[in-house]
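Colleague: Sequence first, then the predicted structure, then my questions.
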Amino acid sequence: MGIWRLMTWMITGSRQKSEAEVTRLVREVIQADDFDRTQFHGFNAHTEMNRFDKSEGATSADLQDAWKESPVDILVPTRERNPDGNGQPFTIPGLFHRSLTGVIRAVFTEKAAKWFHLMPFKRIWKSPTTSQEQRLYDELYTSDAWITAHDDLQKQQRDDGCTLERVIAGLMFWSDATHLAQFGHASAWPVYLFFGNQSKYVRGQPNSGACHPIAFIPTISPTLFHLPETIVQFISRIAKKTAVNDILTHCKRELFHGVWKVLLDEEFIEAYQNGIIIKCYDGKYRQVFPRIFTYSVDYPEKVLVATIQDKGYCPCPQCLIPKKDFHLLGLLTDLSQRMSRARSYIHNKVSAARTAIYNLGSPIKGTLPEGHLKDMSLVPTFNAIADNLGSLGCDVYHMLTVDLLHEFELGIVKSVFRHLLRLLYVINPGMVIVLNDRFRQIPSFGKGAIHRFPPNVSEARQCAARNFEDIIQCAIPAFEGLFPANHDDVIQNLLFRLAQWHALAKLRLHTDESLNYLDKVTRLLGGQLWKFRDFTCTSFNTMELPSEAAERWRQKAGELSASGSTTHTSSTAHPKIFNLSTYKLHALGDYVNTIRLFGTTDSYTTQIIKLSHQRVKKFYQCTNKQEPAGQIAKQERRYTRVRRQYSGYVDAEDDTDPQNNTTPVSLEPHHRLSNSPINTFNLAEFLQSWPDDLALQDHLLSRLLNREYDGDEQSFSSEEQRHVQFVNSLNRVLRPKRLLINYTSYDMRRNQDTLRPGYGATVMLLSRENSSNTHPFWYAHVLGAFIISVDYMGVERTMEFLWVRWFGVVPGYRWGLKNAHLPKIGFISSDSDAAFGFIDPSLILRACHLIPAFADGRTDSLLHHGPSVAQERNAIDDWAAYYVNIFADRDIFAHYTGVGVGHQAQYCLQTSLNHEAHSSSSTGMQDELPTADEYSDKEDSYVSNDGGEGPQSASSDEESKDNDGAEDSEPDEDVVDEDMWSDEDEDSNNCASFKF
């Protein structure tokens with residue numbers, strides 16, 4: 001009866017009671033040893049929650065970093081000429097925030113601080129192949145920025161007489177406005193704080209407690225410039241209609257930096273300069289100095305933080321290179337200008353512009369203020385961070401890190417993909433259908449590495465960054481052969497360079513060598529983009545995609561409807577050209593320096609904030625939806641108190657399948673086969689049908705004799721084979737359905753691949769051929785896994801083996817990093833004795849992601865006996881060839897490029913760059929990766945018609961307004977339809993290779 005009552009309670013009432021949450025209720029509450037139902041007489045949740053809130057001061061940590069509400073005062077310009085200032089003061093209420101010093105004190109006393117790194121250090125790795133020592137780059141606390149800050153701190157004179165150890169609290173900020181619900185205008189604009197003292201692998205976990213919300217910037221709706229509605233009404237009354245938008249934009253900047261003035265209070269500035277004494281978790285007193293290292297935001301918020309114009313003359317927050325030169329990525333002139341024209345904050349220019357606006361009555365975008373600001377694309381707002389901390393060594397421009405998610409995945413990749421679709425519509429619209437069909441046939445891979453593609457990739461509806469990441473990782477075979485031959489080569493090379501750059505930029509562990517490699521590939525990518533634009537794109541008159549034209553028509557119709565106009569607008573597609581003069585392309589040149597300064601990109605990616613938003617949205621569901629900021633802050637306090645007071649607390653919000661809530665499998669052994677007695681195979685029947693097939697006995701005997709594996713080419717006499725006797729019933733040999741492969745990843749962490757033998761599982765092994773020119777890996781399709789007991793020389797033992805179908809390298813095909821071609825393999829013909837075989841699971845290196853070579857078609861010449869278990873399910877033939885997707889995840893990419901520090905088998909990077917295959921049995925060496933100097937030497941040949949330096953580019957506002965690659969707004973990552981690109985794929989060969 002108790003279960004019936006529980007299930008009735010779950011089904012009725014609120015719809016937010018998931019199966020996982022109800023199961024957690026039973027396991028953690030009802031079945032708890034100390035659960036006493038007699039304590040619930042007269043229970044009322046509202047009463048108990050109020051009692052819980054009132055007891056908050058009982059914990060010192062909760063008291064010192066509690067939320068408080070403060071107003072933000074700004075001045076609204078009125079266009080009146082007044083020497084004393086014409087600004088109308090306006091107070092914006094509802095800023096909920098926490099004391100930064102209070103948060104620092106609380107966090108350094110928490111249990112999590114036990115694992116904080118307080119002393120920076122350099123990691124040095126000695127290559128086993130070259131014996132050269134190289135610097136490793138990964139965490140913030142091993143970066144140049146932290147080491148420099150630590151050295152400067154130790155040299156700082158002690159004026160207070162304090163002799164305590166001086167340490168740094170590494171502050172990392174994120175902020176981003178987000179929708180709180182799928183429908184309506186409810187939104188929040190949180191500011192998050194993370195501590196760089198904590199490992200990035202912990203900070204990247206949403207449930208680790210590493211994220212500390214410190215403020216909710218007042219906001220009502222994204223449609224109102226992220227400003228409270230009251231100020232919008234106020235401005236509408238005092239300003240002319242034509243100037244409202246400019247004033248709203250100005251007030252948004254004033255509000256943002258007004259919030260930061262509140263956060264950077266006197267207490268924090270004092271701590272920044274002189275430190276604060278904290279009794280840390282280990283019981284020791286230390287003098288802790290806050291230091292702001294990074295601020296991770298998307299581009300619209302970067303311009304807010306940097307107080308520069310959005311898409312102005314010099315729209316880069318890092319340098320003063322004009323927008324018209326952004327397409328010069330990779331040239332030596334671009335590299336030198338980034339250093340010589342680095343941006344610095346000039347308070348006097350902003351002050352002069354504000355005087356013109358507030359004292360002389362000039363318009364915000366008037367000639368007088370623009371005369372002070374335009375050459376540096378500044379705005380008339382004082383920068384709160386620079387004004388308060390600039391004199392203490394805090395550079396507001398350097399802290400704005402690169403943003404791979406928005407700049408590359410939702411930027412460059414999205415731009416290139418869209419323009420490739422435009423080209424297909426011009427060349428042959430039917431090819432778009434072929435492209436969709438190809439993407440549908442690409443198998444998924446890994447736990448989030450490659451997702452199953454939707455039916456119509458070309459529509460790209462509400463695609464998130466991970467969708468475009470999957471596209472660029474798998475695009476090479478999908479687009480092959482869809483364009484004329486001369487253009488197809490250009491596009492194939494471009495797609496390879498894009499995937500190559502993405503894999504390098506997203507590495508979680510870099511070396512000096514790999515960073516030099518990334519620098520070269522950046523320059524190569526720039527050259528390939530020029531070639532694509534100047535040769536392929538100029539050969540066709542591309543128009544808007546149907547979806548783009550429809551969206552533009554809807555927006556225009558909405559604007560006309562709002563204005564009351566009866567004018568009709570046309571939905572005819574407009575011309576669209578490929579534009580390289582964008583900040584997103586320009587930002588690619590900053591990645592190498594940023595990684596050297598702050599560590600790898602996964603440490604400060606904006607993807608972290610997308611995960612952090614999930615908890616804010618969860619808290620929002622517990623509010624009454626009216627003015628939610630304060631209620632969300634209260635929910636955060638409750639959650640934090642519970643987490644601090646109960647170290648055994650487990651947040652099970654991600655446990656979507658309670659049946660899988662089992663003890664984690666150890667990652668220490670190389671592999672594990674499930675040994676369920678349910679899955680068996682009748683080996684006796686097989687041996688009776690094929691009495692002369694002794695390959696299995698030869699394989700097992702070779703392993704029993706500890707012979708080195710060479711592809712099962714060894715054969716034994718019948719006398720030797722008789723020493724191997726099968727034990728127990730051969731009609732019920734265990735046939736596991738799941739194979740787990742544990743491995744050490746390139747960044748020295750233990751990961752796991754999960755394979756389903758017989759369901760598209762493909763593995764790679766180290767090649768057993770001795771020639772230096774051989775392909776480095778062997779590939780096999782796993783048809784089945786078996787566990788059998790054998791008796792050898794009177795000793796019984798259990799042996800595991802895999803039945804595989806072998807691949808061979810396609811003869812005559814050239815692959816390599818220089819010529820930008822993926823490795824290409826195909827099944828060995830069944831006419832060969834080497835077509836099938838057995839392998840020891842311990843020889844497997846990794847699971848492998850194969851993509852059919854669609855352009856080569858299918859063939860029925862490889863298997864001559866009709867449908868077979870060796871083929872894909874429901875297939876009557878095979879693909880003629882497959883491409884090895886070396887970009888499936890970063891670990892696989894590291895195997896082919898030699899940048900895997902954690903890999904036992906090491907390859908010299910330069911050797912990997914030179915590696916190419918010429919035949920199925922051997923490979924050849926070629927010249928090294930084409931140097932980026934090949935493009936730098938051609939700078940003089942890239943001269944535009946107007947005499948400007950560099951490849952010809954659309955740079956005028958009128959010309960670039962409708963061009964792809966413009967800084968258009970990305971879809972909100974938080975409202976993406978996740979069901980469109982579902983992870984559910986029962987046939988997938990899922991390998992848990994983590995893609996951060």
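Modeller: Sure thing, it's come through.

Colleague: only C-alpha atoms for contact and neighbour calcs from this point on.
Modeller: Fine.

Colleague: how about Tyr709, what does it touch?
Modeller: Ser702, Arg703, Arg768 (CA atoms under 8 Å, 6 or more residues apart in numbering).

Colleague: Which phi and psi values does the residue nearest to the last one when sequence neighbours are not counted adopt?
Modeller: When you say that, I think you mean Arg768. Spatial nearest neighbour of Arg768, excluding adjacent residues (CA to CA, 6 or more residues apart in numbering): Asp710 at 5.7 Å. Torsion angles at Asp710 (phi, psi; degrees, to the nearest 10) stand at phi -130, psi 20.

Colleague: If you tally nearby residues, what's the number for Asp710?
Modeller: In terms of burial, Asp710 registers 10 neighbours under the definition other CA atoms under 10 Å.

Colleague: related to what we said a few turns ago, may I see the contacts of Tyr709 organised as TSV, with neighbour count and pLDDT added?
Modeller: TSV is the format used below for these (neighbours: other CA atoms under 10 Å; pLDDT from 0 to 100):
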residue	neighbour count	pLDDT
Ser702	18	89
Arg703	16	89
Arg768	15	83
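
Colleague: Please convert these to a markdown table, extending it with distance to Pro363.
Modeller: Shown next, in a markdown table, are the contacts of Tyr709 (distance: CA to CA, whole Å):
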| residue | distance to Pro363 |
| --- | --- |
| Ser702 | 86 |
| Arg703 | 84 |
| Arg768 | 75 |
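
Colleague: Among the residues you listed, pick out the one closest to Ala342, please.
Modeller: Distance to Ala342 across these (CA to CA) is lowest for Arg768, with 52.2 Å.

Colleague: What separation is there between that closest one and Arg286?
Modeller: From Arg768 over to Arg286 the distance is 56 Å, taken as CA to CA, to the nearest Å.

Colleague: got the CA coordinates for stretch 497-509 in PDB?
Modeller: Included here for stretch 497-509 are C-alpha records, laid out as PDB according to Å, rounded to 0.1, in the frame of the first residue of the first chain:
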ATOM      1  CA  ARG A 497      41.800  23.000 -41.800                       C
ATOM      2  CA  LEU A 498      38.700  24.100 -39.800                       C
ATOM      3  CA  ALA A 499      38.400  20.800 -38.100                       C
ATOM      4  CA  GLN A 500      42.200  20.700 -37.500                       C
ATOM      5  CA  TRP A 501      42.200  24.200 -36.000                       C
ATOM      6  CA  HIS A 502      39.200  23.300 -33.800                       C
ATOM      7  CA  ALA A 503      40.800  20.200 -32.500                       C
ATOM      8  CA  LEU A 504      44.000  22.000 -31.500                       C
ATOM      9  CA  ALA A 505      42.200  25.000 -30.000                       C
ATOM     10  CA  LYS A 506      40.100  22.800 -27.800                       C
ATOM     11  CA  LEU A 507      42.900  20.600 -26.500                       C
ATOM     12  CA  ARG A 508      42.800  20.400 -22.700                       C
ATOM     13  CA  LEU A 509      46.500  20.000 -22.500                       C
END
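
Colleague: From Thr680, how far out is the residue nearest to Arg768?
Modeller: Here the criterion is CA to CA. By it, Asp710 lies 29 Å from Thr680.

Colleague: try Glu708
Modeller: Relative to Thr680, Glu708 is positioned 29 Å away (CA to CA).

Colleague: if you count what's nearby, which of those two comes out ahead?
Modeller: When Glu708 and Thr680 are compared for neighbours, Thr680 comes out ahead with 18 against 10, by other CA under 10 Å.

Colleague: just checking, Val724 touches Gly794?
Modeller: No: between Val724 and Gly794 there is no contact, the gap being 9.4 Å when judged by CA atoms under 8 Å.

Colleague: Show me which of these two is the more surrounded one.
Modeller: Per other CA under 10 Å, whichever of Val724 and Gly794 has more neighbours is Val724, with 20 against 10.

Colleague: Could you tell me which residues make contact with that one?
Modeller: Contacts here follow CA under 8 Å, 6+ apart; on that basis Val724 touches Gln697, Leu700, Leu701, Val790, Asp791, Tyr792, Met793.

Colleague: can the residues you listed go into CSV with extra columns for neighbour count, pLDDT and secondary structure?
Modeller: What follows is these, written out as CSV (neighbours: other CA atoms under 10 Å; pLDDT from 0 to 100; DSSP: H, G, I helix; E, B strand; the rest coil):
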residue, neighbour count, pLDDT, secondary structure
Gln697, 19, 85, helix
Leu700, 22, 88, helix
Leu701, 21, 88, helix
Val790, 19, 88, strand
Asp791, 14, 87, strand
Tyr792, 17, 87, strand
Met793, 10, 84, coil
